[in-house]
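Peer 1: A structural model of the following input is requested.
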Amino acid sequence: MAGSVRSAASRENSVRLLSDGRLRHIAFIMDGNGRWAERRGMPRRFGHSYGAAAFKKVVRYCGDIGITCVTVYAFSTENWQRPEAEVSSIMKLLVEYLGECERTADRDRLKVRFIGDLSRFEPDVRDRFTALEKRTADHERELNIAINYGGRDEIVHAVNRLISEGRTSVTEEDISGALYTAGLPDPDLIVRTAGEYRTSNFLMWQSAYSELYFTDTLWPDMTDRDVDLAVEEFYRRKRRFGRV
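Peer 2: Residues are numbered from 1 along each chain as shown. Reported below is the predicted structural model:
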């Protein structure tokens, strides 16, 4: 009971803090699934399964406390180098979640967007990505799933797109508008789990002024309270954006 009381009070505090609108967009580097499984004597693929469950809970909780835009780093361009069985299990989870979104996105009012180089996926899966994005385009809460995503790759893609349009000179606004995340606010806060202190090629352009928060918690263990701690830390910081 005491734990429930603390959780409710923490949630109320996070909602109060968020009411000023400074934290609109939170992004998660979901790290530690494999290590979580290995510490329990399980194959790594089980960690990804438990990590998927944590992802759903965290996204739901962010919406509950008033964060309107969530981005998750689900699969990087470098992750293809992992063992084939592990990659296959991650892809299976992705397709399963896609099916779940197709069933529940209207109910949850989630505007789902897939960011990354989607050309690596089968045509039928890409068609489902596109259909879900179109169907949910008018929903209030935004969920961006970064798959086959790399920050450097994204910038190269944006520059090549601008070159193909005949640009010989570009502005920051031009590049922002050619990124996979065009139209989204830059992340105010990026959270990385599992005790790693780097951003690993994630949202490199967009994170120029993001606050970074690192936690030792492995992603499958991520709870509402862990989100609250990140939110509370964000509000303790002074964001000057180059000013005094």
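
Peer 1: quick one, what contacts the most centrally placed residue in the chain?
Peer 2: Within the chain, one residue has its C-alpha closest to the average C-alpha position: by C-alpha atoms, centre = their mean, that is Val72, at 1.4 Å. Counting by C-beta atoms under 8 Å, 6 or more residues apart in numbering, Val72 makes contact with Ala27, Phe28, Met30, Phe55, Val59, Leu143, Asn144, Ile145, Ala146. Glycine gets a C-beta too; all of them are placed from N, C-alpha and C.

Peer 1: I'd guess Phe75 is in a helix, am I close?
Peer 2: No: Phe75: not assigned to a helix; according to DSSP: H, G, I helix; E, B strand; the rest coil it is strand.

Peer 1: neighbours of it, how many?
Peer 2: Residues near Phe75, counting by other C-beta atoms under 10 Å, number 22.

Peer 1: chain neighbours aside, what residue packs nearest to it?
Peer 2: The spatial neighbour of Phe75 that comes closest, neighbours along the chain excluded (C-beta to C-beta, 6 or more residues apart in numbering), is Ile147 at 4.6 Å.

Peer 1: mind checking the longest helix of the protein?
Peer 2: If you go by DSSP state H, the chain has its longest helix at helix 84-108.

Peer 1: so after that one, what's the next helix or strand?
Peer 2: From helix 84-108 onward toward the C-terminus, using DSSP states H and E, the following helix or strand is strand 110-115.

Peer 1: identify the residues contacting that following strand?
Peer 2: Defining contact as C-beta under 8 Å, 6+ apart, one finds that strand 110-115 is touched by 59, 63, 71, 101, 104-105, 129, 132-133, 136-147, 149, 154, 180-181, 184.

Peer 1: which ones among the residues you listed map onto helices?
Peer 2: Secondary structure from DSSP H places Val59, Gly63, Cys101, Thr104, Ala105, Phe129, Leu132, Glu133, Glu154 of those in helices.

Peer 1: Ile26: how many residues sit nearby?
Peer 2: Counted with other C-beta under 10 Å, residues neighbouring Ile26 total 26.
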